[in-house]
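1. Let's see this in three dimensions:
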Amino acid sequence: MKIPAHQLSEELQQSLEKIQAAPNSVNFYQATSGKGWAVFGIIVFLLGMAGLIGLALNEADEELRYVFMGGAALALLILISSVNHIRAYNGARVKPFRGLNPLYYFELGWDELKYYKMWTLKDFRATHHLQNGVYQHTAFVLMFEEGNVNFQVSPKPIAEKLFNEIKATRVQLLLALENQSFQSLGAHDLFGHALGSEVSNVDEEAPKSGRMGCLASLALAVILGAGAGMGLSYLSAIAYDARDWDYMSYGDMGDEVARHVRYGYCAHQEELPDKMRAMLSDNWVRSGVDLDDEAWDGSDITDAKRGVEAYNEIFGAELALREVVVPAAKTSFQQRWNEMGTSPEPREIVEHKAAMAELVAYLNAKPYGWGLQLTDVAPHMGQIDEAIVGRIEGASQEYQSQARNVGASEEAIAAIAQIFKIMREQRRYSLVVSYEQALESDTSLEEDFKEVYPDYKYIEPMSPSFTPAKNLQRESLITEVLASAFEDMLQGLVKVSTIDSEDAAVYLTVYYAISPEFELYYNDAEEHLPDEDRHWSTAIVSDFALTFSGRDAETSFYLFETHAAPADQFSIYSGQTMYDAMASSLFDDFRAQLASHFGVY
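-> Model prediction:
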């Protein structure tokens, strides 16, 4: 049986109030509603709104406005429902509860009162539910003639009390029926059925007051949620604009600026173009400062190019890549130089110049072709030169001291000092080495050989052992001696090369003339042959002359002459001819004399 809440008679409401005020007046009483979940809902609302505000303050995205609207609407719906529940609970004369007396089992809710006649109870069941061995609740099924009633009760002691009271009530009713004694039950006839005075319209379906309230709550939550979502979006834009204005130079600059244009609060709207220009330069400056001595791969140029394209697209400008890269390169290389301190190491100077030269070469090549000079990206070239000059002056003094200690020629020491002086004065730091060779022709050699040894049939020609490729291989050993000496003294600040350049300050030329001496050699493999059938090679010697001259000088300022010859004993390796082996030994002799003369080892 059901009675709508708004149709409860005054007398019945007073009876229910008395039961709620004195729960012990009935066999069983359990409150079925309270304010706990409503209070929890308010807490959920506060936490949810705090989360949305935190998201708004830390994230910025146009798509988030839908998250803000939906989240705010849900949070507000929870709040409105919780407040409505608390208001209804506090304003209700009788709060919802479940009760049992000897005549009725009844449930009072917000919208209606349900009650069942205990004398129509056919049977009932109670089942304890456990999860992982832990009690959860007890499910009751009361089987009345009108139908079954299902509900859950917890905790376990309360459930067991209800179970026992239902059993006791049934016994009490059976005794009353058996004895036809109903006087003791009259006080429990809340609904008048037992005494024949039923209340009227007990089965009518009345509209529930809460249904319209739910729809109204939902509509109000949606409207307020939309407004709150827009407000949170606005807050997010303001926070993003304030928070990321300085930080965005370290992100993907095009995307960051575009987000400020389309989404940010834009308190700095007029400053955005200049800000992005500064970002482009700052990113490139930092990448330049971080350059190491590895090969330039152009990735930083590519990044700058993307940034410039984004700038032009966002602001409808025509900014040129060069307007960003060249000023930024100047700043980055200047900063990098400043970080080296007042007395940078030679290797640091070399790597710094190489990085600048590499960048200039990259930007002068296709597809850029900017035609830059080193000074275009290095406004501090004067500082670099002063540092190099200081290092060269120190190296010159140190060399002179060490060379005298090992017995080097004073003329040679003075010549090296002169090289250093020219480099300091001209601000050029490269020494170019070249070689000139003279070799007697094979025809002349054979004629001279036949004149001295008319019976010998074979004389090996010298020219196959003095081809340009073989000469270059032997000459490179001499170049390496000079390069190693200057490397030890200046760690790469002075370059020794066989290729002329604008940086060349001094030219070193080595002249050598290979001539035969008729001391004969033959291969041991021909030991069994008579002399006239053997293949003979003559001994060879060479006169060497080494000259130093300045870049613009017509005459040399130093000449070193010497005579070199193969060792008395030398080895012939696989693939070598006799002349190959003698030439290698001869150049070893000259290299040793050169090192001794100049005091470099």
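
2. Against F144, how distant is the nearest residue to K495 once chain neighbours are set aside?
-> Sequence neighbours aside, S430 is the residue nearest to K495 in space, at 4.6 Å (criterion: Cβ to Cβ, 6 or more residues apart in numbering). C-beta coordinates here come from the backbone N, C-alpha and C atoms, glycine included. Taking Cβ to Cβ, to the nearest Å as the measure, S430 falls 111 Å from F144.

3. now N364
-> Computed as Cβ to Cβ, the N364 to F144 distance reads 99 Å.

4. Mind checking which of the two has more residues around it?
-> Between N364 and F144, counted using other Cβ atoms under 10 Å, F144 has the larger neighbour count: 17 against 13.

5. isn't the more buried one right next to F124, touching?
-> No. Taking contacts as Cβ atoms under 8 Å, F144 lies outside contact range of F124: 9.2 Å.

6. which of the residues in stretch 164-174 are buried?
-> Going by neighbour count (16 or more other Cβ atoms under 10 Å), the buried part of stretch 164-174 is E165, I166, T169, R170, Q172, L173.

7. L319 and V308 touch, don't they?
-> Yes. Using Cβ under 8 Å, L319 is in contact with V308, at 5.4 Å.

8. Who has more neighbours out of those two?
-> Legend: neighbour count by other Cβ under 10 Å for L319 and V308, higher for V308 (24 against 17).

9. From E318, how far off is that one?
-> In this view, V308 and E318 are 10 Å apart by Cβ to Cβ.

10. Report the secondary structure state of A403.
-> helix (DSSP: H, G, I helix; E, B strand; the rest coil).

11. Burial check on it, number of neighbours?
-> Neighbourhood size, A403 [other Cβ under 10 Å]: 21.

12. And for L445?
-> A count of nearby residues for L445, using other Cβ under 10 Å, gives 20.

13. wait, which of the buried residues of stretch 164-174 is closest to E526?
-> Closest approach between the buried residues of stretch 164-174 and E526, by Cβ to Cβ: I166, at 129.6 Å.

14. excluding its backbone neighbours, what's nearest that closest one?
-> F124 (5.8 Å).

15. From the structure, what's the count of residues near the one you found?
-> With other Cβ under 10 Å as criterion, F124 counts 18.

16. ok, now which ones touch it?
-> F140, V141, L142, M143, I166 (Cβ atoms under 8 Å, 6 or more residues apart in numbering).

17. quick check: mean pLDDT across the helix or strand hosting it?
-> F124 belongs to strand 121-131 when assigned by DSSP states H and E. Model confidence over strand 121-131, given as mean pLDDT, is 90.

18. Any buried residues in the top strand by length along the chain, and which?
-> For the chain, the strand that runs over the most residues, judged by DSSP state E, is strand 504-521. Under the neighbour-count criterion of 16+ other Cβ under 10 Å, strand 504-521 has A504, A505, V506, Y507, L508, V510, Y511, Y512, I514, P516, L520, Y521 buried.

19. Look at L113 and report its pLDDT.
-> pLDDT, L113: 88.

20. Serialize the contacts of F124 to JSON lines and add fields for secondary structure and distance to S81.
-> Below are the contacts of F124 laid out as JSON lines (DSSP: H, G, I helix; E, B strand; the rest coil; distance: Cβ to Cβ, whole Å):
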{"residue": "F140", "secondary structure": "strand", "distance to S81": "28"}
{"residue": "V141", "secondary structure": "strand", "distance to S81": "30"}
{"residue": "L142", "secondary structure": "strand", "distance to S81": "30"}
{"residue": "M143", "secondary structure": "strand", "distance to S81": "34"}
{"residue": "I166", "secondary structure": "helix", "distance to S81": "34"}
